[in-house]
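no FASTA, just this:
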């Protein structure tokens, strides 16, 4: 009997928590902020189609929804919508008209540290300095938004599409981002997930700094200066991303350590498919680097990295490594596929019969002294290259793949 009484009390308590939640529609021209201020926890405030005056602050755990065509327009100063309450929801709105002061982080939607578990979903955030800014809220989610920044200033004077600062557990997924400085900028955070975002016409698609134990998966970068700049971060999962037509680098790893980089694709790239600078103890597996000036540039003391199962296809130079150490890019009898490796596989095991060396001493001379290119077809240079091919002991330190693949293990990504 006592158990039944406890169940009844629990049901009544749950009902009491939801029974008084109200839904209210707000017409254009009707002041929105007083309605937000007087709303109770769990209420739904629905903005009808038309323009509603901002700025707005959500200080109660409620949902602010927009019907099709509902716009919240700021005054050109500060942020348009500021969220301070936990568990608040902003959904289905067009948000525009922020200020232009970088130091104030003027944003379309600004989510403060107190707004843990906030959900920013299915909004169109356009023409603001910063699009969506997660300034410290744990477990916040930005999902399914279209963020269109500005292109009327230099990159250094613009904000990013979605910014994440010290917001552990934040999830940024399924957003479409264009214009502005960076698509997604992450700084000093941890345990985040950045999934399935589409980013174009920015400086860095994903700019990642001092953010550990996170994942960057399934994103698409098209036509940016750099696709994925992963810097000063550890223990990341970087997988299934695509860089298409990015100008300088598809991927840049700078002081990024102990991470798994797997199943990514760079195609129709510019200067470098991937640039690895002082990045250590990482695993690069089954990535596809195709159509760049340099497939992989590896420099500045990067150590204990594993590369196997990757495909280097149609790059003008497959590898640039200026160093004297000997690096074997294969693991447990499996190396990488190199499209310019004219190899034989007489035993049919899928592994070339001879190791592949992408560079020789002449390449290193040319990297250090570009003017020496005028001598590259001279008889002396050709004699040196022939001698190195016949006497491997003459080779300087550098990259060697002792078990090169005859076919790539990866298929081109759909993007």
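Received, thanks. Fair warning: this is a prediction, and the values are worked out from it, not measured in the lab. Residues are numbered from 1 along each chain as shown.

rest of the way, CA atoms for contacts and neighbours
Noted.

Low-confidence regions, the chain specifically.
Screening the chain residue by residue with the criterion pLDDT under 70, one finds the ranges 1-20, 300, 323-324, 360-397, 412-415.

repeat that for 50
Applying pLDDT under 50 to the chain flags residues 1-2, 6-19, 361-367, 372-376, 381, 384-387, 391, 393-394.

quick one: the helices in it?
In chain order, the chain shows helices spanning 2-19, 33-38, 361-368, 379-390, with DSSP state H as the criterion.

Show me what the second one is packed against.
With contacts defined as 3 or more Cα pairs under 8 Å, 6 or more residues apart in numbering; DSSP states H and E, the packing partners of helix 33-38 are strand 56-58.

Check which helices and strands the strand it packs on sits against.
Using 3+ Cα pairs under 8 Å, 6+ apart as the contact criterion, the secondary-structure elements in contact with strand 56-58 are helix 33-38, strand 81-83.

Packed most tightly, which of those would that be?
Each of these was scored by mean neighbour count; the highest is strand 81-83, a mean of 24, by mean count of other Cα atoms under 10 Å.

Note down every partner strand of it and its orientation.
Here the strand partners of strand 81-83, with direction, are listed using DSSP bridges: strand 56-58 (parallel), strand 107-111 (parallel).

quick one, what contacts residue 201?
178, 179, 180, 222, 223, 224 (Cα atoms under 8 Å, 6 or more residues apart in numbering).

Nearest residue to the middle of this protein?
The residue at the geometric middle of the chain, judged as the C-alpha nearest the mean C-alpha position with Cα atoms, centre = their mean, is residue 206 (3.3 Å).

Who is that one paired with across the strands?
Residue 206 has the following beta-bridge partners by DSSP bridges: residue 184, residue 228.

Could you measure from it over to residue 273?
Per Cα to Cα, to the nearest Å, residue 206 is found 15 Å from residue 273.

Could you do residue 92 as well?
Computed as Cα to Cα, the residue 92 to residue 273 distance reads 37 Å.

Compare these two and say which is more crowded by neighbours.
residue 273 (35 against 23; other Cα atoms under 10 Å).

now the contacts of residue 201 as CSV including neighbour count and distance to residue 85?
Formatted as CSV, the entries for these read as follows, by neighbours: other Cα atoms under 10 Å; distance: Cα to Cα, whole Å:
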residue, neighbour count, distance to residue 85
178, 25, 28
179, 25, 29
180, 32, 28
222, 23, 35
223, 21, 37
224, 26, 35
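
mind listing which of those residues are in strands?
Among these, the residues falling in strands (DSSP state E) are 178, 222.

Please identify which of the contacts of residue 201 is nearest to residue 159.
Nearest to residue 159 among the contacts of residue 201 is residue 180, at 5.9 Å by Cα to Cα.

check contacts around that closest one.
Residues near residue 180 by Cα under 8 Å, 6+ apart: 129-130, 148-151, 155, 158-161, 201-203.

give me that answer again for 6 Å
By Cα atoms under 6 Å, 6 or more residues apart in numbering, the contact set of residue 180 is 149, 150, 158, 159, 160, 202.

if I look at the closest residue to residue 99 other than its chain neighbours, how far off is residue 160?
Sequence neighbours aside, residue 77 is the residue nearest to residue 99 in space, at 3.7 Å (criterion: Cα to Cα, 6 or more residues apart in numbering). Computed as Cα to Cα, the residue 77 to residue 160 distance reads 17 Å.

Please apply the same query to residue 409.
Residue 409 sits 36 Å away from residue 160, going by Cα to Cα.

neighbour-wise, which of those two wins?
Set residue 409 next to residue 160 and count neighbours by other Cα under 10 Å: residue 160 wins out with 35 against 16.

Report the separation between that one and residue 226.
14 Å.

Same question for residue 212.
If you measure residue 212 against residue 226 using Cα to Cα, the figure is 21 Å.

the more surrounded of the two?
Residue environment comparison for residue 212 versus residue 226 gives the larger neighbour count to residue 226, 29 against 23, counting by other Cα under 10 Å.

my guess is that one meets residue 249, correct?
Yes: judged on Cα atoms under 6 Å, residue 226 makes contact with residue 249 at a distance of 4.9 Å.

what sits in contact with each of the two?
Contacts common to residue 226 and residue 249, judged by Cα under 6 Å, 6+ apart, are absent.

residues contacting residue 255?
The contact partners of residue 255, by Cα under 6 Å, 6+ apart, come to 231, 232, 278, 279.

from what I can see the first one touches residue 252, true?
Spelled out, that is residue 231. No: with contact defined as Cα under 6 Å, residue 231 and residue 252 do not form a contacting pair (7.8 Å).

Between the two, point out the one with more neighbours.
Looking at residue 231 and residue 252 with other Cα under 10 Å, you find the greater number of neighbours at residue 252, namely 23 against 20.

now that one: how far from residue 298?
Separation of residue 252 from residue 298 (Cα to Cα): 10 Å.

cool, residue 232 as well?
According to Cα to Cα, residue 232 and residue 298 sit 17 Å apart.

Kindly report the same for residue 198.
Distance of residue 198 to residue 298, given as Cα to Cα: 28 Å.

same question, residue 77
Distance, residue 77 to residue 298, by Cα to Cα: 45 Å.

For the two, work out which one has more neighbours and name it.
Between residue 77 and residue 298, counted using other Cα under 10 Å, residue 298 has the larger neighbour count: 21 against 15.

Report the contact partners of that one.
Under the criterion of Cα under 6 Å, 6+ apart, the contact partners of residue 298 comprise 276, 321.
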